[in-house]
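Undergrad: Provided below for reference: sequence and predicted model.
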Amino acid sequence: MLADLIQNTLDGLSIGAAYALLALGFTLIFGVLRRANLSYGAAIMFGCYCATWTHLNFGAGLLLLAAITVAGTVLAGAYVERLCFAPHRGGSMIAAMVASFALWMQFEELVTLVMPTHLYAFPALYEGAPLAFGPYTLRVDALVMFGAAIAACALLWGTLYRTRFGLAVRAVTEQPAAASLAGINLPWVYVRVFALASAIGGVAGYLVVASHGQITPMLGMWSTLKGLLAMMLGGLGSLPGAVVGGLALGLLEAHSQWFLGPQLRDLIAYLLLFVLLAARVPWMHTRSAS
Amino acid sequence: MDFYFSLAQLIGVHTLLGLSAYIVLLTGQVSLAQAGFFAVGAYTAGMLTVLAGWHLVPALGASALSGAAVACAVGFPALRVKGLMLVIATLAFGEGVRLFFFNFDYQVAVDGIRLGPLGGEGFRQIRFFPENGWGTGEVMLFMWVFVIAAMALLWWFDRSRYGSVLRAVGEDELAAQSVGINLTAVKVSAMTVGGAIAGVGGGLYAHYTTHIEHSSFNILVATFAIAYPILGGLRNVFGTLLAVIFVQGFLVEGLRFMGDWRNLLFGALIVLAMNLRPSGFLGGRRRA
Amino acid sequence: MSLLKIQDVVTAYGKIEALKGVSLEVAPGSITCLLGPNGAGKTTLMMTVAGILKPRKGGISFAGEEIAGRAPHDIVARGVALVPENRLVFPAMTVLENLLAGAYQRGDKKAVAEDIDRMYARFPRLRERSAQHAGTLSGGEQQMLAVARALMSRPRLLLMDEPSLGLAPLVVEEIFRIIAELHRDGVSIFFVEQNAHMALKVAQHFFLIEQGRISFSGTPGALAEDEVIRRAYLGSAQQ
């Protein structure tokens, strides 16, 4: 019993690390633009398909595939930013949301046009046996995922708290009007934050796809929903909250799958989010989102 | 001719879906829960006609009631939050409903055949129309009775005091509150009416496709529901109808000659429409 | 030549015009005060000059260059800084980070460090609280920080929107002492104030804005002589 609990916790933390990355990307975009980017997951899926296509046609090493995933996601992110967010600055939140939704459909359509099979294999991060520690096992790719997520968090933290660009991002997040009065060029920050968030999403997408060893177009919706869920669980707009929310979501899923079965796993997460939101737990309302 | 009848059926169902989001949007709230109410209505009506042998009309009444009841029950907790929080809360609810039906088994033997919802397999054989010998044209007319009734109802709301109250809340909650409007009551009532309309739409949808499953009610459907009134504008109900015709009639059917590339253009045209007219085809007032 | 010249500026929120054709001039090296009741358009005018709001019509020139409709960061780069109403410090950033943000456009690290030292000398409380989050400061300290942050861009013209709003009388006196000091150091100042008594002590020129239009322009002497203005802005308020 205790052994299962510990094993589930380990599994939950490793998938939670990927959720944390997805949530970080969402949080960056939300914090700075105050907009929900529904096509975030679709852009990640596009990036992952770029890598899959390269792998199928030319074959490529793991690192190169990771780089292509990130580049493809950033490219897709730039497309989204130009079409959905740049035209609606200071305007309607819904118009931007509907537009980003339309682009989501475009990305799904594009990948199914170019790569019509429902499922493609993706080179796995590691194909050996899992590491065994006494009764517990730890998949090596899960370990890599966890390590990469921590490295990405550290890198992001350094960028935000130790660079001039990070200063601008934090200023815009806290007080957009005051930031522009301080001489910070808001559109310049928006575009770069979008690129940064897309790059983080690309890393998350690559890790998830590589540890599953396969990819389907559902990855887009999956990433958007998991990222939103983790961001909300951790408190909207808080970067440390995004990491905590991601890990919490991973743990919640791992344990509820064990105790209640895979069918109820996803349901529990949504139910919890709904209850927490409606109950207005304080940490979720640190930043006004209206 | 059947092609146009089918298209009109599709447009009718989507108009109901859009109208259910329209009335909620009037109060300035963005709800992604409409697909959930749509699902509740679809399963309710389907189970009543198939398993209980009801006629479709009372079954649709039950769809409206169940959609309204669920919307009301969700509205009270959900509408305590606003803006993006509400979007996510209603999204969580909608996905929750979808996953509920993904796990929902309730099969009964009818004339020796096991019928009813079967989890991920969905709910097949909702054959009220073919069993009663209704042609496509008749089904289309039957459906549009409900669409026109819903449009008339909302049109009348818009012209009445209730409509001004809804719009007052949508424009400025503080100001509305200061003239004595009960925000919660207004928002929940709009959600409830929206739930009833979505419920009827779901009931009709279940019967004209004859087969429903959880994925027919995912976040894409929920986003379509709010996309219609946003694209059409909130000036009046015709904006929503116009947007449904634009999307389902022109973009989906009219561009079929483009073949596989249609959907890429589809997305681009929605983005273009949104960028050129951020308040919708028919204008309308400030939104959330 | 005037430093700031505003000509027939119209700024609107949707259909409602908050400024209905405002014209005024601020002389270089002066302290100019804009008086007016609530809702007259004072903040709108400041935000329009700073570029946060775009004027629908009219021109704004600063040091001979047209700045109307330019982006706020561009206007900061040309030498205009606004201390916004309610200060708007970055609450979860430290005092030092707030100051660095104010110098965002300047690449000269050494000169920025010197300026920060200068700010700390002028506002010793800020030095004490350098590593503290700005959100934990008192109202008066936040106002000092907002002024210091604006000065970090080395503006030629400092705009201040109600610097005394919500502050205790002693703190208000300090703020006005600082305004006078900054002026002596060569910064031109154009500020919005409701506290006409304090403003009379420092400002050299007054404008009165009512319902989106300038209704009076003159020296402190002329202001004090105008019966209507005296009753409205100086009459009952005894400090």
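TA: All right, it came through fine.

Undergrad: hey, let's count contacts and neighbours off CA atoms from now on
TA: Noted.

Undergrad: if the nearest residue to C:G29 once chain neighbours are set aside is in a bridge, with which residues?
TA: The shortest distance from C:G29 to any non-neighbouring residue, by CA to CA, 6 or more residues apart in numbering or on different chains, is to C:S188 (4.6 Å). In this entry, C:S188 is beta-bridged to C:L157, by DSSP bridges.

Undergrad: how far away is C:S188 from C:A131?
TA: 30 Å (CA to CA, to the nearest Å).

Undergrad: got it, and B:L272?
TA: In terms of CA to CA, B:L272 sits 48 Å off from C:A131.

Undergrad: for A:T173, same thing?
TA: The value you get for A:T173 to C:A131, if CA to CA is used, is 20 Å.

Undergrad: between C:S188 and C:A131, which one's more packed in?
TA: Using other CA atoms under 10 Å in any protein chain shown as the criterion, C:S188 and C:A131 rank with C:S188 on top: 25 against 13.

Undergrad: wait, doesn't the more buried one sit right on C:R154?
TA: No. Here C:S188 lies out of contact with C:R154, judged by CA atoms under 8 Å, at a distance of 11.5 Å.

Undergrad: return the residues of chain A in contact with chain C.
TA: Within chain A, the positions near chain C by CA under 8 Å from any CA of the partner chain are A:164, A:167-168, A:170-171, A:174-175, A:177-185.

Undergrad: what's the helix or strand of chain C with the lowest mean pLDDT in contact with?
TA: Every helix and strand of chain C was ranked by mean pLDDT, DSSP states H and E. The lowest is helix C:227-229, at a mean of 79. Contacts to helix C:227-229, defined as CA atoms under 8 Å, 6 or more residues apart in numbering or on different chains, come from residues C:L223.

Undergrad: name the single longest helix found in chain C.
TA: helix C:169-184 (DSSP state H).

Undergrad: could you find the closest non-adjacent residue to A:P187?
TA: Nearest one to A:P187, counting by CA to CA, 6+ apart, is A:A86 at 8.0 Å.

Undergrad: quick one, helices of chain C?
TA: C:42-50, C:72-77, C:95-102, C:109-122, C:124-128, C:139-151, C:169-184, C:196-202, C:220-225, C:227-229.

Undergrad: how about the helices in the stretch 101-250 of chain B?
TA: B:128-131, B:136-159, B:161-171, B:173-178, B:183-209, B:219-232, B:237-244 (DSSP state H, counting those that start in this stretch).

Undergrad: identify the residues contacting A:G213.
TA: Here A:G213 is in contact with A:121-125 (criterion: CA under 8 Å, 6+ apart).

Undergrad: quick one: buried residues of the helix or strand hosting A:G72?
TA: Using DSSP states H and E, A:G72 maps to helix A:62-80. For helix A:62-80, burial by neighbour count (16 or more other CA atoms under 10 Å in any protein chain shown) applies to A:62, A:65-78, A:80.

Undergrad: of these, which is the nearest to chain B?
TA: A:V80 (10.1 Å; CA to the nearest CA).

Undergrad: the closest one touches A:A102, doesn't it?
TA: No. Checked against CA under 8 Å, the pair A:V80 and A:A102 is beyond contact range at 10.0 Å.

Undergrad: circling back: report pLDDT for the residue nearest to A:P187.
TA: For A:A86, the pLDDT comes out at 85.

Undergrad: ok, now B:T223?
TA: On pLDDT, B:T223 comes in at 87.

Undergrad: list the contacts of it.
TA: By CA under 8 Å, 6+ apart, the residues touching B:T223 are A:98, A:101, B:32.

Undergrad: tell me the predicted confidence for the nearest residue to C:M198 once chain neighbours are set aside.
TA: Distances taken as CA to CA, 6+ apart place C:F176 nearest to C:M198, at 7.4 Å, with adjacent residues excluded. We have a pLDDT of 92 for C:F176.

Undergrad: residues contacting C:F176?
TA: Taking CA under 8 Å, 6+ apart, we find C:F176 in contact with C:198-199, C:202.

Undergrad: pretty sure C:M152 contacts C:A113?
TA: No. At 10.0 Å, C:M152 does not count as touching C:A113 under the criterion of CA under 8 Å.

Undergrad: between the two, which is the more surrounded one?
TA: C:M152 (26 against 15).

Undergrad: now the more buried one: how far from C:F90?
TA: 15 Å.

Undergrad: could you do A:G128 as well?
TA: 50 Å.

Undergrad: quick one, which of the two is more surrounded?
TA: C:F90 (27 against 9).

Undergrad: what sits against the more buried one?
TA: A:171, A:174-175, A:178, C:98, C:134-135.

Undergrad: swap in B:A268?
TA: Contacts of B:A268 by CA under 8 Å, 6+ apart are A:102-103, A:106.

Undergrad: please identify which helix or strand holds it.
TA: Here B:A268 is assigned to helix B:262-276, by DSSP H and E.

Undergrad: per-residue pLDDT, the residue in chain C that chain A sits nearest to?
TA: Closest to chain A within chain C is C:H73: 3.9 Å, counting by CA to the nearest CA. Here the pLDDT value assigned to C:H73 is 95.

Undergrad: quick check: A:T27 vs A:F194, distance?
TA: A:T27 sits 11 Å away from A:F194, going by CA to CA.

Undergrad: which of these two has more neighbours?
TA: Each of A:T27 and A:F194 has its neighbours counted (other CA under 10 Å); A:T27 has more, 30 against 25.
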